[in-house]
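In: Sharing a model that was predicted from the sequence below.
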Amino acid sequence: MNVLLLGSGGREHAIAWKLAQSPRLSKLWIAPGNAGMQQLGELVSDVTVMDFDAVLGLAERVSADLVIVGPDDPISAGLADRLAEAGFKVFAPSAAAAQIEGSKAFANQLMAEAGIATAISQSFDDPETAKRYVRECGYQVVIKPDGLTAGKGVTVCDDIAEAEAAIDQVMVERLFGDAGTRIVVEERMYGRETSAHAFSDGTTVRHMPFSCDHKPVFDGNVGPNTGGMGVYSPPGWLDEEIAERIRLDVTERAIAALAAAGRPFAGVLYPGLMVTPAGPKVVEFNARFGDPETEILLTKLRSDLLEICLAVAERRLADVEVEWDDVATVGVMMASGGYPGSYETGKPISGLDRVDADVQVFVAGAREEGGQLVTAGGRVLCVVARGTTIEEARVRAYENVARISFEGAHYRTDIGLTADQPLQVGVR
């Protein structure tokens, strides 16, 4: 099969790495790709994912049997619809289905109608009305732009002043552009967070192992939110009863609700959840593979990813068994100094040749200059190790992180440290 993969981050590197293992793969094209994917397929660096005409032209030129869309922006903008209308098989949800991620207000309404537990929330188009609500609601809040912000738009507020400042940043200063035309003000939840990825073809659901991302930039969950500084799987603190409630009462219920609304969801759906004293509640829905969750999940996948993606695209996921290795995985993100604020790029990366053969390094933001790999983004590399326990995987991941260097490199040292601590409020 000829496969076209769209995207350029660590998530897409991991997808390409797993696709390349499929006996069904004839040729893999990656647009635009990054320097880490050069040995896995043919890069088409002059095609960007938001140039739909160029994407369609490329799919036609390479006779793509399947197109896999990685990032959220083109999914929400309707790239899957355009490709399907042109006759291509696509692994990505329609724009209508992807609105569960693209609009937090839509997701909250869907959850309310379907009886899916989430935080109390209100949507606002006017900043002064939002501020008045914050002053009068009587609880701590979280401020979220309604649209897509690459995982960095959420402000968890300790007091009213912080909430009002966040509202101004989003709606008045337009820190996130048009994504902040409307905001959602939510009740702040307390507990432990987890992600519940699943494949779906709109009817059948195949659940993936649970994982836990670390969003804040510094150890101890301190500092501004990022796209994700590291991740582990499985969470030892998550018992099977709660896990099954999430699978049935959140993920499968959301898939059924979208189908009932005439928006069948085919692709990867993953709710981010807070396990609170009152039970699991949805923080947000995402309509694609997470990043960096993909990097650790696909290193556990025993089945053929290409066969799964094709079955989703052909709406026959019920015919495919999806199997996972029963191992622990830990991924540590190495970032540029200053991220998620301003940072410099072009820093030479060394030490990759010293990484253990069974440890994967997925490139998130790097390019090649004169035969040398250099930094080219905020998040640069995701180092993923496996083990029989989280602690074993943690030790191996950090041993290998220590062998890699570039000027200003920053990473958290506590990824997975609390993975096996009993469930309690306030501990991640």
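Out: Here it is on my side, so go on.
In: Sticking with the spatially most central residue of the chain, tell me its helix or strand.
Out: Closest to where the C-alpha atoms of the chain average out (C-alpha atoms, centre = their mean) is G290, at 1.7 Å. Counting by DSSP states H and E, there is no helix or strand that carries G290.
In: Next one, pLDDT for it please.
Out: G290 carries a pLDDT value of 96.
In: is it true that it touches D213?
Out: Yes - counting by C-beta atoms under 8 Å, G290 touches D213, with 6.9 Å between them. Quick note: C-beta positions are derived from backbone N, CA and C, even for glycine.
In: before we move on, back to that, look up how far G70 lies from the residue nearest to the centre of the chain.
Out: Distance, G290 to G70, by C-beta to C-beta, to the nearest Å: 11 Å.
In: Give me the common contacts of these two.
Out: Counting by C-beta atoms under 8 Å, 6 or more residues apart in numbering, the shared contacts of G290 and G70 are R11.
In: Tell me where the protein has helices.
Out: 10-19, 52-61, 72-76, 79-85, 95-102, 104-114, 127-136, 160-167, 240-246, 253-260, 293-297, 305-313, 390-401 (DSSP state H).
In: Mind putting the ones you listed into a markdown table with distance to V361?
Out: Output for those, formatted as a markdown table (distance: least, C-beta to C-beta, whole Å):
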| stretch | distance to V361 |
| --- | --- |
| helix 10-19 | 9 |
| helix 52-61 | 28 |
| helix 72-76 | 24 |
| helix 79-85 | 29 |
| helix 95-102 | 28 |
| helix 104-114 | 34 |
| helix 127-136 | 43 |
| helix 160-167 | 35 |
| helix 240-246 | 30 |
| helix 253-260 | 34 |
| helix 293-297 | 10 |
| helix 305-313 | 19 |
| helix 390-401 | 8 |
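In: tell me the most buried of those?
Out: Most buried of those, by mean neighbour count (mean count of other C-beta atoms under 10 Å): helix 293-297, with a mean of 29.
In: chain center to it, what's the gap?
Out: 9 Å (C-alpha atoms, centre = their mean, to the nearest Å).
In: Number the residues from 77 up from this point.
Out: Okay, residue one is now 77; in that scheme the one you just asked about reads as helix 369-373.
In: Just the CA coordinates for that helix, please, in CSV.
Out: Taking C-alpha atoms only, helix 369-373 is exported to CSV below (Å, rounded to 0.1, in the frame of the first residue of the first chain):
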residue,chain,number,x,y,z
GLU,A,369,1.2,10.1,24.3
THR,A,370,1.6,8.6,20.8
GLU,A,371,5.3,8.2,21.3
ILE,A,372,4.8,5.8,24.3
LEU,A,373,1.6,4.2,23.2
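In: what sits against the nearest residue to E445 once chain neighbours are set aside?
Out: Spatial nearest neighbour of E445, chain neighbours left out: G422 (7.2 Å); criterion: C-beta to C-beta, 6 or more residues apart in numbering. Taking C-beta under 8 Å, 6+ apart, we find G422 in contact with E445, V450, T451, A452.
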